[in-house]
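> Give me the fold of what follows.
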Amino acid sequence: MRMSIRFFAILACSLLAQPYIYAQTTYFTEYKTTNSYHQYVGKISFESGSIQNNNDELGVFVSNNDNEPLLIGACKIGNNYPGYYFVTIFADDSVTATKDGANVGDTLTFKIWDQSENKLYVLSNAYSLSREFAPGITYPDLPPIFKSGFGEQFGYLNLLVRNQDLNENVVRFHAISQQSSIKLTWSTDCERNLLGFQIFRNSPLNPNDINITPNLIKTKGNELKGADYCFIDKTILSNIFYNYQLIGIDLNGQPMRIQTIKGLSVRQANLSHMDFNDDHQLGLPDIIELMKRIAQ
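Residues are numbered from 1 along each chain as shown. Okay, here's the model as predicted:
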């Protein structure tokens with residue numbers, strides 16, 4: 001109880017001074033502040049690993065009119081008290097034509113960005129959120145929804161960051177060597193919080209990762225379904241081994257580490273795909289190419 005009183009005293013001082021201005025977030029940034037808001041508070045714990053206070057971030061989302069994630073508030077975890085979050089979430093501005101905040105009855109989705117690992121977690125309302133009674137603040141609903149009224153504080157809404165909540169989207173990533181190019185293909189099972197993809201490449205000639213997709217490859221799926229993609233790298237040299245990395249760009253424009261990425265060199269791709277010409281037949285050009293590779 002002593003810790004709770006001290007904690008809420010700190011929060012009260014912050015609230016009286018500046019109702020919703022806290023440490024600047026760097027990952028969750030694009031949300032609109034309005035004159036109508038609520039606040040949520042609670043504890044955060046990781047299933048594996050630990051919180052990096054004042055580095056890891058929390059973002060709260062609802063769906064916009066196109067059923068896409070809309071950021072309505074964010075905070076640095078541990079900014080007010082180690083291991084806790086205190087976030088202000090904002091209502092829609094009725095003056096604007098587009099939805100830029102929460103409407104009454106919207107379900108809230110909580111996302112955690114692990115700064116040290118550059119990983120994004122989308123928390124499940126069913127398994128990652130729990131409630132704990134705290135004096136002086138409103139007991140939250142599960143799943144949490146945006147309420148009518150103004151300035152109400154809800155808590156404790158405790159968050160457990162589970163390994164299952166890791167925002168994994170890409171499940172297959174392959175490289176196929178062709179006569180004068182390398183064909184890269186990947187498939188997704190779902191596309192949560194994804195705006196598009198970029199491909200980075202390195203080689204012994206240039207060990208630094210370079211972006212070979214200056215134009216973002218935009219997603220074709222959504223949170224419920226995936227899609228298939230293809231990119232052909234024609235800017236390669238003969239007898240040079242290349243490694244490729246596929247990066248997802250989230251809706252905030254931040255790069256996301258995709259866990260199932262595999263770095264493949266040209267030699268690995270060649271020896272694992274006998275159909276060098278991608279014509280689904282093993283012909284004389286394929287055999288000649290294979291003999292060249294074996295002789296290297």
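
> All the strands of the stretch 51-200 of the chain, residue numbers only.
Under the criterion DSSP state E, counting those that start in this stretch, the stretch 51-200 of the chain contains strands at 57-63, 69-76, 84-90, 109-114, 119-122, 129-131, 153-154, 157-161, 170-177, 182-188, 194-202.

> could you dump the ones you listed to TSV with distance to Leu251, mean neighbour count and mean pLDDT?
C-beta coordinates here come from the backbone N, C-alpha and C atoms, glycine included. Shown next, in TSV, are these (distance: least, C-beta to C-beta, whole Å; neighbours: other C-beta atoms under 10 Å; pLDDT from 0 to 100):
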stretch	distance to Leu251	mean neighbour count	mean pLDDT
strand 57-63	9	24	93
strand 69-76	6	24	92
strand 84-90	17	25	96
strand 109-114	10	24	91
strand 119-122	10	21	83
strand 129-131	21	16	95
strand 153-154	25	20	96
strand 157-161	19	22	95
strand 170-177	16	19	74
strand 182-188	15	20	86
strand 194-202	5	19	88
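
> Setting aside sequence neighbours, what's the nearest residue to His38?
Counting by C-beta to C-beta, 6 or more residues apart in numbering, His38 lies nearest to Glu152, which is 5.2 Å off, once chain neighbours are set aside.

> do the same with Asn163
Glu47 is the one closest to Asn163 (C-beta to C-beta, 6+ apart), at 5.5 Å.

> Check whether that neighbour really touches Ser128, as I assumed.
No. Using C-beta atoms under 8 Å, Glu47 makes no contact with Ser128, being 9.1 Å away.

> more neighbours, those two?
In this view Glu47 and Ser128 are compared by other C-beta atoms under 10 Å, and Ser128 has more residues nearby, 19 against 12.

> Among the strands of the stretch 51-200 of the chain, which comes closest to Thr34?
strand 84-90 (4.7 Å; C-beta to C-beta).

> tell me, what's touching Glu47 and Ser128 both at once?
Shared contacts of Glu47 and Ser128, defined by C-beta atoms under 8 Å, 6 or more residues apart in numbering, comprise Leu160, Val161, Arg162.

> Could you export stretch 50-64 as PDB, CA atoms only?
Only the C-alpha atoms of stretch 50-64 are listed here, as PDB (Å, rounded to 0.1, in the frame of the first residue of the first chain):
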ATOM      1  CA  SER A  50      13.000  -7.300 -18.500                       C
ATOM      2  CA  ILE A  51      11.700  -3.800 -19.000                       C
ATOM      3  CA  GLN A  52      14.100  -1.100 -19.900                       C
ATOM      4  CA  ASN A  53      12.600   1.800 -18.100                       C
ATOM      5  CA  ASN A  54      12.500   5.100 -20.000                       C
ATOM      6  CA  ASN A  55      13.500   3.300 -23.200                       C
ATOM      7  CA  ASP A  56      10.700   0.800 -24.000                       C
ATOM      8  CA  GLU A  57       7.400   2.300 -25.100                       C
ATOM      9  CA  LEU A  58       3.700   1.700 -25.000                       C
ATOM     10  CA  GLY A  59       1.300   2.700 -27.700                       C
ATOM     11  CA  VAL A  60      -2.500   2.400 -27.500                       C
ATOM     12  CA  PHE A  61      -4.500   1.900 -30.700                       C
ATOM     13  CA  VAL A  62      -8.100   1.800 -32.000                       C
ATOM     14  CA  SER A  63      -9.400   1.100 -35.500                       C
ATOM     15  CA  ASN A  64      -9.900   4.000 -37.900                       C
END
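
> show me the contacts for the closest residue to Asn208 other than its chain neighbours.
Leaving out its chain neighbours, the residue that sits closest to Asn208 by C-beta to C-beta, 6+ apart is Asn202, at 6.3 Å. Under the criterion of C-beta under 8 Å, 6+ apart, the contact partners of Asn202 comprise Asn208, Asp209, Ile210, Tyr242, Asn243.

> before we move on, what about Ser180?
Lys234, Ile236.

> what about it, distance to His174?
Counting by C-beta to C-beta, to the nearest Å, the separation of Ser180 from His174 is 19 Å.

> what do you get for Asn158?
Noted for Asn158: a distance of 41 Å to His174, by C-beta to C-beta.

> and if you look at Thr219?
19 Å.

> repeat for Glu132
Distance check for Glu132 against His174: by C-beta to C-beta, it reads 47 Å.

> cool, and Phe200?
Distance from Phe200 to His174, by C-beta to C-beta: 16 Å.

> Counting neighbours, what do you get for the residue lying closest to Tyr242 once chain neighbours are set aside?
Using C-beta to C-beta, 6+ apart and skipping residues adjacent in sequence, the residue nearest Tyr242 is Ser203, 4.9 Å away. Using other C-beta under 10 Å, Ser203 has 16 neighbouring residues.
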